[in-house]
Structures are given as structure tokens and as C-alpha cells.
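Undergrad: I'd like to go over a predicted model; first the sequence, then the structure.
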Amino acid sequence: MKGIPAFCYNPTMIRRWCALIASVLLITPGCASKNDLSSTSQITFTQVKAAPEPYKGQSVTFGGKVLGARRLKEGTRIEILQLPLASSLQPILDLSKSQGRFVAMQKEFLDPATIPAGTFMTITGEVAGSVIMPLDETEYTYPIVDIKTLRAWTKDEETYPRMRPYPGMYWGPYWSPYWRPWPYYYW
């Protein structure tokens, strides 16, 4: 028959193709990587802030801006202004979207000088209760998160690409995140 490949009639080739497809389907799920910062939990910061005790021991991912860090006997305490996370798990830069503050605790040694105030961070860890500390002239209840993974965002990652106009082939108003020197097009 014309149009049908010869291997379709060969039982050995059919078995080989079936074995190849089955092995690919079995191996592929093992190749999937998991982001260390991602959390399968759907617990929100608002829920934890309202009542941290019911969520004790559950995994959460929060982010925000570091307000201060201090080395204590039990570890390093990082005070963070909570900010919502983008899809990349990077905290958004709009401070008005904050829903409060929380404390992240690092049991192992972490030099507070490595995380200065103003650093944007994403933290994955377990809820460990709450602590009451002074905030200006009042007392504030901070949810505590024991850090499992910590990601500090650099200044380059905090800025979004700027769009710069450049004349294109027809000198139209084309926009690009990249600056292109003269000539604007190549022949």
C-alpha cells in the first residue's frame, strides 16, 4: 500500500515505539522541577494575621519589604511589611497594598547586615504563632513565620523594563524594551 510507512507493518517496530512512548510518559513527571519558594497552601496573609494559632505549623509564602533585622539568641528576627506577590512570587512595589506586618525568624545564623531595611523579600516557611511588640506608641501583634527558604530581590529585578521609542524601518512609532543604536535595521 502506498502512503503507509513500512514500520507500521513490522511488529518489532510497533513494540519499540510503544516502549519509547511509555518510557517518555513515565519519565516526564520526574523531570518537573518545583520552585523552592512556591507553596501549595492557599492560606492568605489576612487569615494568618487575624488568627495565627489555627495555622500553626502550616506552610505559607509571604513577601514584602524589610523594615529591620535583629540578631537574637534564638535566631535572626526580620520585621517585614507584607506586600502581595506577583505571579513570579516577587512582592509588588506598591506599599499602599500592604495588609500589615509580620516577623520572619531564621534559626541558623543570618547576619542582619546582609538584609538591610528596604530589601524586598519572599519567604516560604511555617506559621509559628504570634508575638506582641511595640510599634510606635502602641502594641502590635505580629504573625511569626519560621523561614524555610528566603529570596531577596535585587534592584535589577525590582524594576520593570522601560519602553523606549525608536524609529523602525518605516520611521513609525515602534516601542521596544531594548535600545538599539544606529542603524535601526540591517540589510
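TA: Arrived safely, thanks for sending.
Undergrad: And the most centrally placed residue in the chain, how far from Gln106?
TA: What sits nearest the mean C-alpha location of the chain, by Cα atoms, centre = their mean, is Leu89, with 2.6 Å. For Leu89, the distance to Gln106 (Cβ to Cβ, to the nearest Å) stands at 18 Å. All C-beta atoms are positioned from the backbone trio N, CA, C, and that covers glycine.
Undergrad: Kindly report the same for Met133.
TA: 17 Å.
Undergrad: Contacts only, for Val131.
TA: By Cβ atoms under 8 Å, 6 or more residues apart in numbering, the contact list for Val131 reads 103, 141-142, 144.
Undergrad: can you check Lys148 too?
TA: 59, 124-126.
Undergrad: Please repeat the previous calculation with a cut-off of 7 Å.
TA: Contacts for Lys148 (Cβ atoms under 7 Å, 6 or more residues apart in numbering) come out as 124-126.
Undergrad: Take those residues and, keeping just the buried ones, write it as a PyMOL select command.
TA: Buried residues among the contacts of Lys148 (16 or more other Cβ atoms under 10 Å), as a PyMOL selection:
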select buried, resi 124+125+126
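Undergrad: Pull out the buried positions in stretch 66-82.
TA: Within stretch 66-82, the residues that count as buried by 16+ other Cβ under 10 Å are 66, 69, 75-82.
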